[in-house]
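Enquirer: Sequence and predicted structure below; questions after.
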Amino acid sequence: MKGIRATNPVAVGDHVRFERPEESRTGIITHIEERSSYIIRRSSKLSKEYQLIACNVDVAWLMVTMKLPRTLTAFIDRFLVSAEAYRIPVIILFNKIDLYGEAERQEMESLWKIYTGIGYRCMKLSLETGEGVAQVEAAMKGKVNVIAGNSGVGKTTLINVLDPFMKLKTAAVSDVHQTGKHTTTFAEMFELQSGITIIDTPGLRGFGTIDIDRNELFPFLSRDFQGQQEMQIP
């Protein structure tokens, strides 16, 4: 459609008005209500500029892992920049901690120190042992939550743990490439039995930023960056 910059003009979490003819099982969206928040990334489709991931969310949970698969810091930083630009609080959730050896633990602690040092809340999680699950559940209650991260980090598995009746499909990480397999192919919102509202998203292999001006980032830069040349987001 001409003039539409998004691959998906309507996204999960949107509040809409629609019309449905009598005796019809389908309707037509006539209006999208103003969004209180949204998070986007650069579209992989050349014909469009961006992809809406989720709208009207209270908290974004960025699930990262130090192995199986390993989350790159560039991915973490790009996600945080995008969420910050649209004023969405982010909690960084380090998953699969039961698999970490000494090297992975040291890397996690290093990242933990960096991100908590600039004001982000970090939490540890093991869906195998149950460590951290109660704390995550408590932090999610009463909010609209979106979970994002690379394929295979455990987003859908977390939902199954929080509500065993969901029984959502998951898949193992590829033995060859050590990356996740896409089982969640589109974002979907779930209302769990505990009352938690959660949006599961497809695994993201990349996260390109868009429409972020240096003046939007300036208030969040440390004093060390002030007076230097314009900061470029790769």
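Expert: Cool, got the structure.
Enquirer: Wait, a strand at residue 51?
Expert: Yes. Using DSSP: H, G, I helix; E, B strand; the rest coil, the secondary structure at residue 51 is a strand.
Enquirer: Go ahead and confirm it touches residue 38.
Expert: No. Under the criterion of C-beta atoms under 8 Å, residue 51 is not in contact with residue 38, lying 10.9 Å apart. C-beta here means a position set from N, CA and C on the backbone, and glycine is covered the same way.
Enquirer: Between the two, tell me which one has more neighbours.
Expert: When residue 51 is set against residue 38 and neighbours are counted by other C-beta atoms under 10 Å, the residue ahead is residue 51, at 20 against 17.
Enquirer: Could I get the pLDDT score of the residue nearest the centre of the chain?
Expert: Geometric centre of the chain, nearest residue: residue 148, 2.3 Å, by C-alpha atoms, centre = their mean. Here, the pLDDT recorded for residue 148 equals 93.
Enquirer: measure the nearest residue to it once chain neighbours are set aside to residue 30 for me?
Expert: By the measure of C-beta to C-beta, 6 or more residues apart in numbering, the closest residue to residue 148 outside its immediate chain neighbours is residue 201, 5.3 Å from it. Distance, residue 201 to residue 30, by C-beta to C-beta, to the nearest Å: 26 Å.
Enquirer: that older thread, dihedrals phi and psi, the residue nearest to the centre of the chain?
Expert: Backbone torsions of residue 148, given as degrees, to the nearest 10, read phi -130, psi 160.
Enquirer: And for residue 117?
Expert: Backbone dihedrals for residue 117, given as degrees, to the nearest 10, come out at phi -70, psi -20.
Enquirer: Which parts of the chain are strands?
Expert: 16-19, 28-32, 38-42, 50-55, 59-64, 90-94, 121-124, 144-148, 188-191, 197-200 (DSSP state E).
Enquirer: what's next to the last one, contact-wise?
Expert: Applying C-beta atoms under 8 Å, 6 or more residues apart in numbering, the contact partners of strand 197-200 are 12-13, 54, 57, 140, 143-147, 155-156, 159, 162, 168, 184, 187-192.
Enquirer: For ChimeraX, write a command that selects the buried ones of those residues.
Expert: A single ChimeraX command selects the buried members of these (16 or more other C-beta atoms under 10 Å):
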select :12,13,54,57,140,144,145,146,147,155,156,159,162,168,184,187,192
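Enquirer: what stretches of the chain score poorly on pLDDT?
Expert: Across the chain, residues meeting the criterion (pLDDT under 70) sit at 1-6, 42-49, 171-185, 203-234.
Enquirer: those helices in it, which residues are they?
Expert: For the chain, applying DSSP state H gives helices covering 73-85, 102-117, 133-140, 155-162, 214-217.
Enquirer: Please identify the deepest-packed of those helices.
Expert: helix 155-162 (a mean of 21; mean count of other C-beta atoms under 10 Å).
Enquirer: Output the contacting helices and strands for it.
Expert: Here helix 155-162 is seen to pack against helix 133-140, strand 144-148, strand 197-200 when contacts are counted using 3 or more C-beta pairs under 8 Å, 6 or more residues apart in numbering; DSSP states H and E.
Enquirer: re the thing from before, could the strands of the chain go into a markdown table alongside distance to residue 106?
Expert: Supplementary listing: the strands of the chain in a markdown table, determined by distance: least, C-beta to C-beta, whole Å:
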| stretch | distance to residue 106 |
| --- | --- |
| strand 16-19 | 47 |
| strand 28-32 | 46 |
| strand 38-42 | 30 |
| strand 50-55 | 31 |
| strand 59-64 | 15 |
| strand 90-94 | 13 |
| strand 121-124 | 14 |
| strand 144-148 | 25 |
| strand 188-191 | 35 |
| strand 197-200 | 31 |
